[in-house]
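Visitor: how does the following fold in three dimensions:
(chains A, B, C and D)
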Protein chains: 4
Amino acid sequence: MSDAQENDLVLLVSPDNKRYIVRLSQGSIFHTHRGRIEHDSIIGGSLGQEIRSHLGHPFLALRPSIHDLLMNVKRNSAIVYPKEIGHILLSMNIGAGCRVVEAGTGSGALTAALAFAVKPTGRVYSYDVREAMSELAAKNLAALGLVDYVELKRRDIAEGFDETDVDALFLDVREPWDYLDQAREALESGGFFGAIVPTVNQVCSLVEGLDRHSFAAIEVCEILIRPYKPVSGRLRPFDRMVAHTGYLAFARPLLVPEDSSPGK
Amino acid sequence: MSDAQENDLVLLVSPDNKRYIVRLSQGSIFHTHRGRIEHDSIIGGSLGQEIRSHLGHPFLALRPSIHDLLMNVKRNSAIVYPKEIGHILLSMNIGAGCRVVEAGTGSGALTAALAFAVKPTGRVYSYDVREAMSELAAKNLAALGLVDYVELKRRDIAEGFDETDVDALFLDVREPWDYLDQAREALESGGFFGAIVPTVNQVCSLVEGLDRHSFAAIEVCEILIRPYKPVSGRLRPFDRMVAHTGYLAFARPLLVPEDSSPGK
Amino acid sequence: MSDAQENDLVLLVSPDNKRYIVRLSQGSIFHTHRGRIEHDSIIGGSLGQEIRSHLGHPFLALRPSIHDLLMNVKRNSAIVYPKEIGHILLSMNIGAGCRVVEAGTGSGALTAALAFAVKPTGRVYSYDVREAMSELAAKNLAALGLVDYVELKRRDIAEGFDETDVDALFLDVREPWDYLDQAREALESGGFFGAIVPTVNQVCSLVEGLDRHSFAAIEVCEILIRPYKPVSGRLRPFDRMVAHTGYLAFARPLLVPEDSSPGK
Amino acid sequence: MSDAQENDLVLLVSPDNKRYIVRLSQGSIFHTHRGRIEHDSIIGGSLGQEIRSHLGHPFLALRPSIHDLLMNVKRNSAIVYPKEIGHILLSMNIGAGCRVVEAGTGSGALTAALAFAVKPTGRVYSYDVREAMSELAAKNLAALGLVDYVELKRRDIAEGFDETDVDALFLDVREPWDYLDQAREALESGGFFGAIVPTVNQVCSLVEGLDRHSFAAIEVCEILIRPYKPVSGRLRPFDRMVAHTGYLAFARPLLVPEDSSPGK
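Guide: Got it, this is the predicted structure:
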């Protein structure tokens, strides 16, 4: 049974099912629309129980999942959402021990999920040219305890990646088709390439680029998640849902004979 | 760069984008609607390249992802699909080192994915009362090289699970609401409970059972994946898609005061 | 070419694509977040042109579609949405000349659509027991110029419908399965029965009731509409969409031999 | 109560829920996988009842809806599906009395639906350059009894439409953006323009063309219909569904000042 300790990240679920991530700190107070909760009332106790706010409202104190943590990451840009991430990890075969390259780092949500998947023996190499992004991601990864599995690099990926023969490489950048030569050089032959883009125009450009650069086994898809109100006598989907975050594309770089040069 | 070796599982992609998993074996021949491929033409060479069938059709020989392998598992029952599995892993916080209980084992598709996620230091305890299922799953896990991370148990889970304080427990059985007491006893307080059921009636019964057994933070959802034809000049979704495999439910067992008894 | 006249309903589309329905009235002013528009600047001019607010923002003045009008109906209850209505009309074969029974009237959105579809020679008989509803619907139908094709009846439908041998009958009530005998008596043999309900539990009860009352050819479905941002260089779905309004059910009452009595 | 007569179109629903449209003809026999049904056993009887095949299997004999008829139209090309048609009719305000232009005619499915909606006082002008299409559509419209409300024209629409000031105009052609000048000339100012195209590339070209030709209030969407197995104790969606038929686009041509020329 896990006891809550100083500095732990805890998931608090309000009576109306809102979810908050809180880092426990002695003497601190968490303020909600349903009253105040003293961290000290959680520290030292078991997780998995009800806590009352000073107004008497019951909150759940739980260990957060990586899904909860990702949804709560501090962001200053669009993030890759958990609904896409689960599919990315399985489709790109990312598990313990993998070496994975990612760009751009952004707020570090996908970076964190990749780190969670490759730990304890794998490694994530994450590139971003924007200083603010690297700093935010570093902060987020530290908060999640995943910083040991990641190397953050501030670099324009047009200059190429340092790594070679990596298992998987994922691009979350505006014009991924501009970096396919660099991606090929970093990936092992037949490795797993993936990307996410928000518009159909980008999908078209990316697929065209992949064709031209001898990537094969191209797949494009969308993931939709439809949540239901969990009321047994009146079960129904929520009224509204996220309709779109991005299109996922996957492909495999083919070994190219020495005398030919893809993308030229 | 990974060379293909005797006994490796290889993904062959046909010119019309059909996907086959083949275990390499010297002297063997793979028969397709586009001609024969000799295993010996793959063994010893790099993966990530084109292989010609004896009729001259180009096939890709690639390292399969866990996604490819799961879609190809030999089954004699419905399986949990990768589109659900990615979401299950993230939502139930299943990563390297986790101890996870699962029932029923079925064909072992989810078992394999759980093993992939908890390796090298975690462990999956998978229960099924049906002998045929345990045998098929054992075969499938061995084929995928994941058998070391799994304990298969032939047992009616009405009798309870052997494990306690596990991180996560997943039920893929017809009437999961009948086993919530047993699930509570296996899970650590606040641990991650999940289930999949195909009908809305089962969702209603399960949510009612979870409420009655002091599970909280209940979530119900569906995952839809919509694939596109990856043709840059004529991009469009495929005509048909999988509309339904099952509803996912997640919940967290609350610590119950000693003197009260949930579900009674 | 249609000129806008006093008392016409006009659709105004703002520069940020918000849609308003306005009834033209000399001397009136329409107030928007982008400035004021004098009705007199529209009256007498052609529809299909740009109008400037007093702050210089361009609005479109257009003839509204029945779709626009339905989305704008004054409501004090959930309405049946256009995405469902189009499918209802085709599936229940509702066209000019049909006699259609509906209950409950509610705010009259579906009533209006039915009237639009059966005019000029058909008729809609719409029942509601709630006085406020009948009054609101009467107002809405008058505003849309469709009141001539509708008979509004304030009545508890448990007492039955006045009409017999109608072509189609639609129930938008909480427990439609309670009125299937009454529906059978109003419908011609083999006529078109339809209903909408928001929860899966209601769908189950309705399907069970239909089976028991000798309705056949039962169909259940959901309609989803996914809107896109119409920007040619950055085409993508809107971020969020309506995920659920209701489940549609359709069925046909079978002729029952004289000596048997369905639902008993 | 409607009795089935010689030459009527009848919907037969098999025990396994397959749907057939049959034209009644004395002495004819309908052959199914569940045995033979003599037309004479239907003619003269009421619709809305069970008919037994010679093998004793129960079939339902019902009046078909326009939805049933459209799904059953003889086609030699892709058709616009009922799930789209319902939305088209409401969004383009197509009801009794409307004058509507359509191109291409194709197999006449949309043509039939438009005729159904504008009858008895409206008219559909449907263009197609392909002779085979016009002939097939004429046959289909005659079979549905809707031929009186339609003028079929064999013509390349690049040459323009004969009609002016029509209420609505719908394009189901490969490159609808090539005919926007012609569409403007046929439509009344502010009239209802619609189109359907299968690929995202076409949507982009169409939206770009609409912008350039002074069409406004542009809307783009997809319609999805998700059918459920209507079993009250085991309610669930069907395993597979139609994922895509086409993207719908709607717009309104703006009145353009005399001295400017759109699209030039």
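Visitor: which residues touch the residue most central in space within chain A?
Guide: Central residue of chain A (C-alpha atoms, centre = their mean): A:Leu110, 2.3 Å from the mean position. Contacts of A:Leu110 were listed using C-beta atoms under 8 Å, 6 or more residues apart in numbering or on different chains, and they are A:Ile79, A:Val80, A:Ile85, A:Ile88, A:Glu102, A:Phe170, A:Asp172. From N, CA and C alone the C-beta is placed, and that goes for glycine too.
Visitor: which ones are touching the second one?
Guide: If you count contacts by C-beta under 8 Å, 6+ apart, A:Val80 has them with A:Ile88, A:Gly106, A:Ala109, A:Leu110, A:Ala113, A:Asp172, A:Ile196, A:Thr245, A:Gly246.
Visitor: same check on the fourth one?
Guide: For A:Ile88, the residues meeting the contact criterion (C-beta under 8 Å, 6+ apart) are A:Val80, A:Ile94, A:Leu110, A:Phe170, A:Gly194, A:Ile196, A:Leu248, B:Gly86.
Visitor: circling back: among the contacts of A:Val80, name the ones in helices.
Guide: Among these, the members falling in helices are A:Ile88, A:Ala109, A:Leu110, A:Ala113 (criterion: DSSP state H).
Visitor: chain A - how does it break down into domains?
Guide: Chain A is divided into the following domains under automatic domain parsing: A:9-64, A:67-253.
Visitor: just give the nearest non-adjacent residue to A:Val118, would you?
Guide: A:Cys98 (4.7 Å; C-beta to C-beta, 6 or more residues apart in numbering or on different chains).
Visitor: number of nearby residues for whichever residue of chain A sits closest to chain D?
Guide: Chain D sits closest to A:Val200 of chain A, with a gap of 3.9 Å, by C-beta to the nearest C-beta. As a burial measure, A:Val200 scores 24 neighbours (other C-beta atoms under 10 Å in any protein chain shown).
Visitor: so it sits against A:Tyr247, correct?
Guide: Yes. Using C-beta atoms under 8 Å, A:Val200 makes contact with A:Tyr247 at a distance of 7.2 Å.
Visitor: need the residues touching each of those two.
Guide: In contact with both A:Val200 and A:Tyr247: no residue, using C-beta under 8 Å, 6+ apart.
Visitor: ok, back up a step: of the contacts of A:Ile88, which belong to strands?
Guide: If you go by DSSP state E, the contacts of A:Ile88 have A:Phe170, A:Gly194, A:Ile196, A:Leu248 in strands.
Visitor: just give me the closest of the residues you listed to A:Val256.
Guide: Ranked by distance to A:Val256 (C-beta to C-beta), the ones in strands among the contacts of A:Ile88 are led by A:Gly194 at 19.9 Å.
Visitor: what's near enough to touch the closest one?
Guide: Contacts of A:Gly194 by C-beta under 8 Å, 6+ apart are A:Ile88, A:Ser91, A:Met92, A:Ala168, A:Leu169, A:Phe170, A:Leu171, A:Leu248, A:Ala249, A:Phe250, A:Ala251.
Visitor: how about these in TSV, adding pLDDT?
Guide: Below are those laid out as TSV (pLDDT from 0 to 100):
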residue	pLDDT
A:Ile88	97
A:Ser91	97
A:Met92	98
A:Ala168	98
A:Leu169	98
A:Phe170	98
A:Leu171	98
A:Leu248	98
A:Ala249	98
A:Phe250	98
A:Ala251	98
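Visitor: B:Pro15: which of those is nearest?
Guide: Nearest to B:Pro15 among the contacts of A:Gly194: A:Ala251, at 16.0 Å, using C-beta to C-beta.
Visitor: number of residues surrounding the residue nearest to the closest one when sequence neighbours are not counted?
Guide: Leaving aside its chain neighbours, A:Ala251 sits nearest to A:Phe215 (3.9 Å; criterion: C-beta to C-beta, 6+ apart). Neighbourhood size, A:Phe215 [other C-beta under 10 Å]: 24.
Visitor: pull up the gap between the residue nearest to A:Val118 and B:Asp68, please.
Guide: Distance, A:Cys98 to B:Asp68, by C-beta to C-beta, to the nearest Å: 16 Å.
Visitor: count the neighbours of the residue nearest to A:Val118 for me.
Guide: Neighbours of A:Cys98 using other C-beta under 10 Å come to 20.
Visitor: list the residues that contact it.
Guide: Going by C-beta under 8 Å, 6+ apart, A:Cys98 touches A:Ala117, A:Val118, A:Gly122, A:Asp167, A:Ala168.
Visitor: and of these, the nearest to A:Gly190?
Guide: Distances from A:Gly190 to the contacts of A:Cys98, taken by C-beta to C-beta, are shortest for A:Asp167, at 10.2 Å.
Visitor: can I take it that that closest one is in a strand?
Guide: Yes. Using DSSP: H, G, I helix; E, B strand; the rest coil, the assignment for A:Asp167 is a strand.
Visitor: right, and A:Asp8 touches A:Arg23 too?
Guide: Yes. Using C-beta under 8 Å, A:Asp8 makes contact with A:Arg23 at a distance of 7.2 Å.
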